[in-house]
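Asks: Starting from these lines, generate the structure:
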Amino acid sequence: MNAVEDFILERSGDQKDLLLYFHLLFTEKCNLDNKIAYGIPFYYFRKKWVVYLNPDKRKGVEVGFPNGHKMKDPSGALMSKGRKIVKSLELNRLDEVQEELMLD
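Replies: As a prediction, the model looks like this:
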C-alpha cells in the first residue's frame with residue numbers, strides 16, 4: 001500500500017467510497033501517478049498535477065482540477081468558487097458520479 005491508499009482507508013462511509021472510486025479510476029483507467037501533497041491525494045501525469053481529491057468536513061469530496069480553466073465543460077458541472085484557474089466538482093455520494101464526464 002502507498003500513502004494515498006493509507007489516506008483513503010482512514011476515511012469512512014460515502015467519503016471513503018468516493019475516494020476509493022476516484023483513486024482506482026485515476027490510477028487504473030487513466031494511468032496517473034499519485035502522492036500526498038498539501039495533506040491530500042494528488043494525481044499527476046509526467047510530473048504535472050492533473051487532479052486532486054480533497055475530503056471536505058461534511059463527508060463529501062471535492063474533485064479539483066488545477067488547470068480546470070482549460071477544460072471543456074458543456075454541462076456546466078465544474079465550479080470555480082471564485083478561483084480563476086482551479087475548477088472542481090463537489091460530490092457527497094457515489095451515485096452522483098458521472099464517469100463519462102470524468103473521462104472526457
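
Asks: averaged over its residues, what pLDDT does stretch 90-104 have?
Replies: Average pLDDT, stretch 90-104: 77.

Asks: which strand of the protein spans the most residues?
Replies: Longest strand in the chain, counting residues (DSSP state E): strand 48-55.

Asks: Now that strand: buried residues?
Replies: 49-55 (16 or more other C-beta atoms under 10 Å). (Glycine included, C-beta is placed from N, CA and C.)

Asks: Then stretch 79-87?
Replies: Within stretch 79-87, the residues that count as buried by 16+ other C-beta under 10 Å are 79, 86-87.

Asks: so which of those residues comes closest to N34?
Replies: Checking these against N34 by C-beta to C-beta gives V86 as the nearest, at 18.2 Å.

Asks: which residues touch the closest one?
Replies: With contact set as C-beta atoms under 8 Å, 6 or more residues apart in numbering, V86 has these partners: 64-69, 80.
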